[in-house]
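# Here's a sequence, model it:
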Amino acid sequence: MEMRVVPSCPFCRTKLPVTKEEADKQRMKRVETNDPFVMCREGTEQYCKGDCSSAFEYWTKASELGFAEAHYKLSIMYGGGEGVEKNRSKEIYHLEEAAIGGHPDARRNLGSDEWMSNDDTERAVKHWIIAATQGDDHSIKRLIKEYKFGAIQKEVLASALRAHQAAVDATKSPQREAAEELP
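From the prediction side, this is the model:
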């Protein structure tokens, strides 16, 4: 007698959906349980469909549950005035919340904002260093530029480069490397 292995979710062990309808039903069930990851994902799906209002609602719910990615998405909406009235203070609030939650892009954007809007290179560099230690490549490039302009010392750049490399190395695994080699 041959046993078939049914693919299941690695977290909850429920059977993986086969059809789109099953996937939608399963996703909405997780939304109802206030799963911030799925709420954020649903918001992104609605945004891609052009429904900014629904995206805003899902991202707001996920951000209220402390999900950093949702805060980042809301900062983009407020910054660009997409689906909401453009609001600089709310943009910065959500960027700060996302950065506190560990979102490297938000941290990098805060650094850029300090540099461009407030002309505060010292504070900008601090944000970029934090983002670099989270593995953000753009922040490392920005720090190298600031080093060339003399805004930061060689030791500071070297420390940021080491921390960046450590963060990048921490994401490597034999399983990931094998998956990258797949066609």
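# what's next to the helix of greatest length in the chain, contact-wise?
Ordering each helix of the chain by length in residues (DSSP state H) puts helix 154-170 first. With CB atoms under 8 Å, 6 or more residues apart in numbering as the test, helix 154-170 has contacts from 125, 128-129, 132-137, 139-140, 143-144, 147. For every residue, glycine as well, the C-beta is placed using N, CA and C.
# Repeat that for stretch 62-81.
With CB under 8 Å, 6+ apart as the criterion, stretch 62-81 contacts 34, 36-37, 39-40, 43-44, 47, 52, 55-56, 58-61, 82-84, 86-88, 90-95, 97-98, 100-103, 105-106, 109.
# Kindly give a single PyMOL line that selects the buried subset of those.
To isolate in PyMOL the members of the contacts of stretch 62-81 that are buried, counting by 16 or more other CB atoms under 10 Å, one can use:
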select buried, resi 36+39+40+43+44+47+55+56+58+59+60+61+83+84+90+91+92+94+95+97+98+101+103+105+106+109
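# Out of the contacts of helix 154-170, which is nearest to residue 119?
residue 125 (12.8 Å; CB to CB).
# Please report phi then psi for that closest one.
phi -60, psi -40 (degrees, to the nearest 10).
# just the CA coordinates of the helix or strand of the chain with the lowest mean pLDDT, formatted as PDB?
Within the chain, no helix or strand scores below helix 174-181, which has a mean of 78 by mean pLDDT, DSSP states H and E. Once non-C-alpha atoms are left out, helix 174-181 reads as follows in PDB (Å, rounded to 0.1, in the frame of the first residue of the first chain):
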ATOM      1  CA  PRO A 174      22.500  25.600   2.000                       C
ATOM      2  CA  GLN A 175      18.800  25.200   1.400                       C
ATOM      3  CA  ARG A 176      18.600  28.800  -0.100                       C
ATOM      4  CA  GLU A 177      21.600  28.300  -2.200                       C
ATOM      5  CA  ALA A 178      20.200  25.000  -3.600                       C
ATOM      6  CA  ALA A 179      16.900  26.700  -4.300                       C
ATOM      7  CA  GLU A 180      18.600  29.500  -6.200                       C
ATOM      8  CA  GLU A 181      20.300  27.000  -8.500                       C
END
